[in-house]
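Trainee: Fold the following and give me the result.
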Amino acid sequence: QVHLVESGGGLVQAGDSLRLSCTVSGRTFSSYRMGWFRQAPGKEREFVAAISRSGSSTNYADSVKGRFTISRDSAKNTVYLEMNSLKPEDTAVYYCAADPFFTNIATMKFHLWGQGTQVTVSS
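Mentor: Numbers count the residues shown, from 1 in each chain. Model prediction:
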């Protein structure tokens, strides 16, 4: 059974940086397209970023483009979300997601989810 475990969340000030990590159990990490989503209080979960199985393609929400970077390390079975120039509106629970079925980087369908990590950005 595959498990996704996020870490790296916390409380930071506007303009600060933070790096989230998501470690995937099992030996099939390279077969998963990976993504990050977030959900702010009272709002629906929204897409943040995705990375292809090989890591050669990425996709970002317009709201984070130029500030956030998604990457993956197959040796560590880990996907990262580097977040720079954080804003109060980035405050949310961030979820890691994995999908073994779809290869299109723009597909929003993911089948496996982590438990989430809280990111709070104070003004």
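Trainee: how far away is the most centrally placed residue in the chain from residue 92?
Mentor: Taking Cα atoms, centre = their mean, the centroid of the chain lies closest to residue 36, which sits 2.5 Å from it. From residue 36 over to residue 92 the distance is 10 Å, taken as Cβ to Cβ, to the nearest Å. (Glycine included, C-beta is placed from N, CA and C.)
Trainee: The residue nearest to the centre of the chain: which element?
Mentor: Assessed by DSSP states H and E, residue 36 sits inside strand 33-39.
Trainee: Show me what that strand pairs with in its sheet, parallel or antiparallel.
Mentor: Strand 33-39 sits in its sheet next to strand 46-51 (antiparallel), strand 92-99 (antiparallel), going by DSSP bridges.
Trainee: okay if I get these as JSON lines plus mean pLDDT?
Mentor: Output for the strands paired with strand 33-39, formatted as JSON lines (pLDDT from 0 to 100):
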{"stretch": "strand 46-51", "mean pLDDT": "97"}
{"stretch": "strand 92-99", "mean pLDDT": "97"}
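Trainee: Let me have those in CSV, extended by distance to residue 7.
Mentor: Formatted as CSV, these follow (distance: least, Cβ to Cβ, whole Å):
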stretch, distance to residue 7
strand 46-51, 16
strand 92-99, 10
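Trainee: Nearest to residue 1 among the ones you listed would be which one?
Mentor: strand 92-99 (12.4 Å; Cβ to Cβ).
Trainee: Please enumerate residues in contact with that closest one?
Mentor: 2, 4-6, 9, 20, 22, 24, 32-40, 43, 45, 48, 79, 81, 107, 109-119 (Cβ atoms under 8 Å, 6 or more residues apart in numbering).
Trainee: any chance of the strands paired with strand 33-39 in a markdown table, with mean neighbour count and distance to residue 59 too?
Mentor: Shown next, in a markdown table, are those (neighbours: other Cβ atoms under 10 Å; distance: least, Cβ to Cβ, whole Å):
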| stretch | mean neighbour count | distance to residue 59 |
| --- | --- | --- |
| strand 46-51 | 21 | 5 |
| strand 92-99 | 22 | 13 |
